[in-house]
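Chemist: Sequence below, structure please.
(one chain, ligands or ions: 1)
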Amino acid sequence: MTEANKPPLIEIDNLTIRFTGERTVHAVNGVSLSIPEGQVLGLLGESGSGKSVTLRALMRLLPKKRTQITGGIKVAGQDVLAMDDATLSAFRGRTVSMIFQEPALALDPVYTIGDQITESVVRHEGASHATGRARALEMLELVRIPSAKRRLDAYPHEMSGGMRQRAMIALALACRPQVLLADEPTTALDATVQIQILLLLRELQKEMGMSVIFVTHDIGVAIEICDRVAVMYAGQIVETGSLRDIVRDARHPYPRGLLASTVHGAKRGQRLETIPGTPPSLSEAPASCSFAPRCSHVRPICRTQLPPAVELGPNRVVRCVLAEETVPVS
Ligand SMILES: Nc1ncnc2c1ncn2[C@@H]1O[C@H](COP(=O)(O)OP(=O)(O)OP(=O)(O)O)[C@@H](O)[C@H]1O
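Modeler: Presented below is the predicted three-dimensional model:
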């Protein structure tokens, strides 16, 4: 079966997330995504575009209070938004796992790495302590932590940044989840360690057949690891396509502008900050094209109507009136 024919493992349908409180934030505005088994999708966009909020919604990690969510999220056939606490607890770790930029969000400072992995395997799989401990060692070896046996008894603060990142990956993958959610896991690392971790993640992803959603603001990282890319702007996906589609033939003026200056020499660490102007405040739900104020190809209709979602092929959607035109980049 080709990748395009595989049934989706993750289906996000018209997801809308609004935070209410002192000020209202329309963080995610009608996001739809469908990700088959074994695919790495890069969620690319500048700061505040709604990448992390989308990812957190998939694991139900958003605060319950003052968060309004509509739309649907299905993972491996399960309705994530309808799960009760017991189902959710089994779902996290076993079906879906998450890694972060900062390992401190996942690793507990008062327990050794070995104990944390062991505990996760015991809790999620009902395994014995000995089985959990054996798995912990296996995982530390899998993520290539040197002297793995000795490191089982190390605390997170006794490890370097790169090693802690590997330990967090070991913990996240210990119960062999079907889906890995990665929220900028390599951003804080220096370039050499970053590439090692990306290569490791790609290898583990292939070996375990996982689907991955990889959040990044870094085009170089997306090029390194993703099969497909979805570009977010102001809580919406403005363009999706294969990595090749996006890098070689982006149609929306936002990714076109971002990529024009970087595509030939895209390096890791290169931020998406090349377009003049700032993103909208998100205090209101979009009623027209959110990018219009910054777009050098803007037309009157862009300021009065939401742009259409133009399907250019399977899994290739562009939200722009110019989707089918070849416009010069500026
Ligand atoms: N719990 C919350 N309450 C209110 N607003 C929030 C909350 N969480 C996120 N936001 C807001 O939602 C918007 C989207 O945030 P999000 O973290 O998803 O952006 P991002 O694209 O991941 O950016 P970054 O790369 O900076 O993390 C931002 O305006 C953010 O301030």
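Chemist: Let me see the mean pLDDT of stretch 318-330.
Modeler: Mean pLDDT, computed over stretch 318-330, is 77.
Chemist: Likewise for stretch 215-224?
Modeler: Rounded mean pLDDT across stretch 215-224 is 88.
Chemist: now the end-to-end length of it.
Modeler: Terminal residues of stretch 215-224 are spaced 13 Å apart (CA to CA, to the nearest Å).
Chemist: following the lowest-mean-pLDDT helix or strand in the chain, which helix or strand shows up next?
Modeler: Lowest on mean pLDDT, DSSP states H and E among the helices and strands of the chain sits helix 253-260, with a mean of 83. Going down the chain from helix 253-260, the next helix or strand is strand 309-313, by DSSP states H and E.
Chemist: Quick one: name the residues of the chain near the ligand.
Modeler: 19, 25, 27, 45, 47-53, 63, 217, 282 (CB under 6 Å from any ligand atom). The C-beta positions use only the backbone N, C-alpha and C, and glycine is treated the same way.
Chemist: Try it again at 5 Å.
Modeler: Within the chain, the positions near the ligand by CB under 5 Å from any ligand atom are F19, V25, A27, S47, G48, S49, G50, K51, S52, V53.
Chemist: Now do the strands in the stretch 1-150 of the chain.
Modeler: All strands of the stretch 1-150 of the chain, identified by DSSP state E, counting those that start in this stretch, fall at 8-19, 25-36, 40-44, 67-75, 78-79, 96-100.
Chemist: residues near the closest residue to E239 other than its chain neighbours, how many?
Modeler: Nearest residue to E239 in three dimensions, chain neighbours excluded: H252, at 4.3 Å (CB to CB, 6 or more residues apart in numbering). H252 has 27 neighbouring residues, counting by other CB atoms under 10 Å.
Chemist: Could you list the domains of this structure?
Modeler: Listed by automatic domain parsing, the domain ranges of the chain are 3-95+177-319, 96-176.
Chemist: and E325, which of those is closest to it?
Modeler: With CB to CB, the closest approach to E325 among these belongs to domain 3-95+177-319: 8.2 Å.
Chemist: elements contacting the least confident helix or strand of the chain?
Modeler: The contact analysis (3 or more CB pairs under 8 Å, 6 or more residues apart in numbering; DSSP states H and E) places helix 253-260 against strand 228-233, strand 236-242, helix 243-249.
Chemist: Adding distance to E325, write the domains of the chain out as JSON lines.
Modeler: Listed next are these as JSON lines, based on distance: least, CB to CB, whole Å:
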{"stretch": "domain 3-95+177-319", "distance to E325": "8"}
{"stretch": "domain 96-176", "distance to E325": "38"}
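Chemist: what's the least confident stretch among these?
Modeler: domain 3-95+177-319 (a mean of 90).
Chemist: What sits closest to V298 if chain neighbours are left out?
Modeler: Nearest non-adjacent residue to V298, counting by CB to CB, 6+ apart: A292, 4.9 Å away.
Chemist: Burial check on the one you found, number of neighbours?
Modeler: 19.
Chemist: Output the longest helix belonging to the protein.
Modeler: helix 191-208 (DSSP state H).
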